[in-house]
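**Student:** return a 3D structure for these sequence lines:
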Amino acid sequence: METIVFQSASQITKEIREGKVSCVSVAKQFLEHIKSHNKTINAITDLRGYDDVIKEAKVKDRLLQDGVVLGPLHGLPMTVKDTYNVKGLISSNGNPKLKNNIAEYDAELVRRLKDAGAIIIGKTNLALFALDWQSTNPWFGQTNNPYNFNHVVGGSSGGSAAALASGFTALELGTDAGGSIRVPAHFCGICGIRTTESALSNRGNMVTPGLPRLGRYLVSNGPMARNVDDLMLAMEVLWSNDQPFSENPPVALKQFNHNDEPLKIAYSETLDGLYLDECYTEVYQSFLNKIHHSNHELVQSKPSYSSNTLINLWGRITGYDFAAAMKKTPFKGLISYLFVKSKYKDRQWAKGMCQGSRSSAINYAEALQLKDDVTDTFTRFFEKYDVWITPVSIAPAFKHQKPGIPFEVNGRKIPYTKAFIPFNFPSTIPGYPIVVIPIGITKNGLPVGVQIHSQKWHDYKLLRIAKELEKLTDGFQIPNMFNQEL
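**Tutor:** Here you go, the predicted structure:
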């Protein structure tokens, strides 16, 4: 039987609906592929029992025989990041105290996936407290990059990206507050979208039992896939025009669209004056040259903002939630400062977290007002440009190491967080959508991608544009370790 684990989600679901493959045969192939390779990659953290998955697949086959199609994902096996509640599976949220926590209900977005016919087969690994750019924790262990086991997969949605790149799933569900979808997509050569803030429900995501729902700002959810078409397929399911929750405005997904007209594209060669890794630069410049020779207008430009101000603001908003999660713990500001400073060796980020952890109500309100002002600045920028293209980090996936240790890039020492934060924290603040697509493989054999930023609520238009730009690339490339099986 020909393997289908690297086929697109769109193709797999089409073949299921047309009766070319059964839900059972598809599920078996994914489960057997995971069994063969997950010990090496360690992307899947909690896998449902084989018999349980096959039983659900048989039910979906019988429904098809009766002419019933649950939705566009009918019979598709998929995994989700271990921040989302999936009833009956472990939901650790990156917290060691929750490593054995069994979810009692589905997160809202998981429910939508299931209602559309998806078979959730497992959860994927993430960083400690979902707060790092590699996916390693003491209880699930280290996730390895399928392009080179000595390298990381990104974080915190690193298990999600590795699962896609390894053929363990054709669709994934991630979260992003500071690059947690974007960096893993870049490191693993796949696609991902950080959606407009508050567009997709956060209920049942990043839950700590006994605490109120936190992360109402900065955290955005979004699908991850191996191509833009599959992101669009997932968005049709996850986005609801008739939102059941007051915090999710009922904006139609396709309210803004792209009609194939020439684009006005802004771009930045780098951010914060950082020198990109030479291998990444080579692939990135090649991609920009292809745009330059297309019918689109390419302009070197960026929004006006202070990176230091926005990084501090990110810390203040996140630190406020961090303190709330600690309830009555004394010295919350000092704890948050020491955690970030000692683990990541970043005084600037630590200071912002400390300020947020100690914030009064008026201080927090001032931080959110500044966030609004920043959003207005970016909104005006996107009135002039359809999209803004930037690097995702300073380099391709790095080798496994302890967080906080500096990198050497082009012979220069770069602080650990400096490789990621300037490319991800500031663009989180305005809450607009950002897509990452792969643009090629470096001469060292590692994939790299770019961020494509756009106006708030233009998520579908952005995906249409990303699909257009995807045509200038070779798209997702199957890691060599799997080629002998195809």
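**Student:** buried set for the lengthiest helix in the chain?
**Tutor:** Counting residues, the longest helix found in the chain (DSSP state H) is helix 361-381. By 16 or more other C-beta atoms under 10 Å, the buried positions in helix 361-381 come out as 367, 370-371, 374-375, 378, 381. From N, CA and C alone the C-beta is placed, and that goes for glycine too.
**Student:** at the geometric centre of this protein, which residue do we find?
**Tutor:** residue 181 (1.8 Å; C-alpha atoms, centre = their mean).
**Student:** per-residue pLDDT of that one, please?
**Tutor:** Note for residue 181: predicted pLDDT of 98.
**Student:** what average pLDDT does the next helix-or-strand element following the longest helix of the chain get?
**Tutor:** Where DSSP states H and E defines the elements, the next helix or strand beyond helix 361-381 is strand 387-391. For strand 387-391, the mean per-residue pLDDT is 98.
**Student:** how about stretch 108-115?
**Tutor:** Here the average pLDDT along stretch 108-115 is 97.
**Student:** sorry, back to before: which residues touch the longest helix of the chain?
**Tutor:** 217, 266, 302-305, 309-310, 313, 316-317, 320, 355-356, 359, 388, 429-432, 455-456 (C-beta atoms under 8 Å, 6 or more residues apart in numbering).
**Student:** show me how to select, in ChimeraX, the buried members of those.
**Tutor:** Per 16+ other C-beta under 10 Å, the buried members of the contacts of helix 361-381 correspond to this ChimeraX selection:
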select :217,266,303,305,310,313,316,317,320,355,356,359,388,429,430,431,432,455,456
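**Student:** could you pull out the helices in the stretch 51-200 of the chain for me?
**Tutor:** 108-115, 158-165, 182-188 (DSSP state H, counting those that start in this stretch).
**Student:** possible to save those helices as CSV with mean neighbour count and distance to residue 144?
**Tutor:** CSV is the format used below for the helices of the stretch 51-200 of the chain (neighbours: other C-beta atoms under 10 Å; distance: least, C-beta to C-beta, whole Å):
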stretch, mean neighbour count, distance to residue 144
helix 108-115, 21, 26
helix 158-165, 34, 7
helix 182-188, 34, 11
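**Student:** need the ones you listed in TSV (columns: distance to residue 481).
**Tutor:** Output for the helices of the stretch 51-200 of the chain, formatted as TSV (distance: least, C-beta to C-beta, whole Å):
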stretch	distance to residue 481
helix 108-115	28
helix 158-165	10
helix 182-188	13
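**Student:** out of those, which is closest to residue 249?
**Tutor:** Residue 249 sits nearest to helix 108-115 of all the helices of the stretch 51-200 of the chain, at 15.2 Å, using C-beta to C-beta.
**Student:** could you check how far the closest one is from the centre of its chain?
**Tutor:** 18 Å (C-alpha atoms, centre = their mean, to the nearest Å).
**Student:** neighbouring contacts of that helix?
**Tutor:** Helix 108-115 has contacts (C-beta under 8 Å, 6+ apart) with 70-71, 73, 78, 80, 84-86, 106, 120, 173, 200-205, 221, 237-238, 240, 245.
**Student:** tell me the buried residues within those residues.
**Tutor:** Using 16+ other C-beta under 10 Å, the buried members of the contacts of helix 108-115 are 71, 73, 78, 80, 84-86, 106, 120, 173, 200-205, 221, 237-238, 240.
**Student:** and the longest helix of the chain with strand 387-391, angle?
**Tutor:** Relative orientation of helix 361-381 versus strand 387-391 (axes from the mean of the first three to the mean of the last three C-alpha atoms, to 10 degrees): 110 degrees.
**Student:** can you map out the helices along the stretch 251-400 of the chain?
**Tutor:** 278-292, 307-325, 332-344, 347-357, 361-381.
**Student:** make JSON lines from the ones you listed and add distance to residue 400 and mean pLDDT to it.
**Tutor:** Formatted as JSON lines, those follow (distance: least, C-beta to C-beta, whole Å; pLDDT from 0 to 100):
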{"stretch": "helix 278-292", "distance to residue 400": "18", "mean pLDDT": "98"}
{"stretch": "helix 307-325", "distance to residue 400": "26", "mean pLDDT": "92"}
{"stretch": "helix 332-344", "distance to residue 400": "16", "mean pLDDT": "90"}
{"stretch": "helix 347-357", "distance to residue 400": "22", "mean pLDDT": "94"}
{"stretch": "helix 361-381", "distance to residue 400": "35", "mean pLDDT": "96"}
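**Student:** please convert those to JSON lines, extending it with distance to residue 10.
**Tutor:** What follows is the helices of the stretch 251-400 of the chain, written out as JSON lines (distance: least, C-beta to C-beta, whole Å):
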{"stretch": "helix 278-292", "distance to residue 10": "24"}
{"stretch": "helix 307-325", "distance to residue 10": "35"}
{"stretch": "helix 332-344", "distance to residue 10": "39"}
{"stretch": "helix 347-357", "distance to residue 10": "39"}
{"stretch": "helix 361-381", "distance to residue 10": "32"}
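**Student:** how is this structure divided into domains?
**Tutor:** Domain ranges of the chain: 9-301+385-483, 302-377, per automatic domain parsing.
**Student:** lowest average pLDDT across the ones you listed?
**Tutor:** Lowest mean pLDDT within the domains of the chain: domain 302-377, at a mean of 92.
**Student:** quick check: end-to-end length of that domain?
**Tutor:** Length of domain 302-377, first residue to last, C-alpha to C-alpha, to the nearest Å: 11 Å.
**Student:** what of stretch 218-238?
**Tutor:** 19 Å.
**Student:** what residues sit buried inside it?
**Tutor:** 218-235, 237-238.
**Student:** against residue 296, how distant is residue 261?
**Tutor:** Between residue 261 and residue 296 the distance is 10 Å, computed by C-beta to C-beta, to the nearest Å.
**Student:** for those two, indicate the residue with more neighbours.
**Tutor:** The residue with more neighbours, out of residue 261 and residue 296, is residue 296; 19 against 9, by other C-beta atoms under 10 Å.
**Student:** show me the contacts for that one.
**Tutor:** Taking C-beta under 8 Å, 6+ apart as the test, what residue 296 contacts is 262-265.
**Student:** alpha carbons of stretch 396-414, as PDB, please.
**Tutor:** Extracted in PDB, the C-alpha atoms of stretch 396-414 (Å, rounded to 0.1, in the frame of the first residue of the first chain):
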ATOM      1  CA  PRO A 396      18.200  28.200  10.600                       C
ATOM      2  CA  ALA A 397      17.700  25.700  13.400                       C
ATOM      3  CA  PHE A 398      20.500  25.600  15.900                       C
ATOM      4  CA  LYS A 399      22.100  22.600  17.600                       C
ATOM      5  CA  HIS A 400      20.700  21.300  20.900                       C
ATOM      6  CA  GLN A 401      22.000  23.400  23.800                       C
ATOM      7  CA  LYS A 402      20.900  24.800  27.100                       C
ATOM      8  CA  PRO A 403      18.800  27.900  26.800                       C
ATOM      9  CA  GLY A 404      20.700  31.100  27.400                       C
ATOM     10  CA  ILE A 405      24.000  30.100  25.900                       C
ATOM     11  CA  PRO A 406      25.100  32.600  23.100                       C
ATOM     12  CA  PHE A 407      25.200  31.600  19.500                       C
ATOM     13  CA  GLU A 408      28.000  32.100  17.100                       C
ATOM     14  CA  VAL A 409      26.700  33.600  13.800                       C
ATOM     15  CA  ASN A 410      29.100  34.500  11.100                       C
ATOM     16  CA  GLY A 411      32.000  34.500  13.600                       C
ATOM     17  CA  ARG A 412      30.100  36.800  16.000                       C
ATOM     18  CA  LYS A 413      28.700  36.000  19.500                       C
ATOM     19  CA  ILE A 414      24.900  36.600  19.600                       C
END
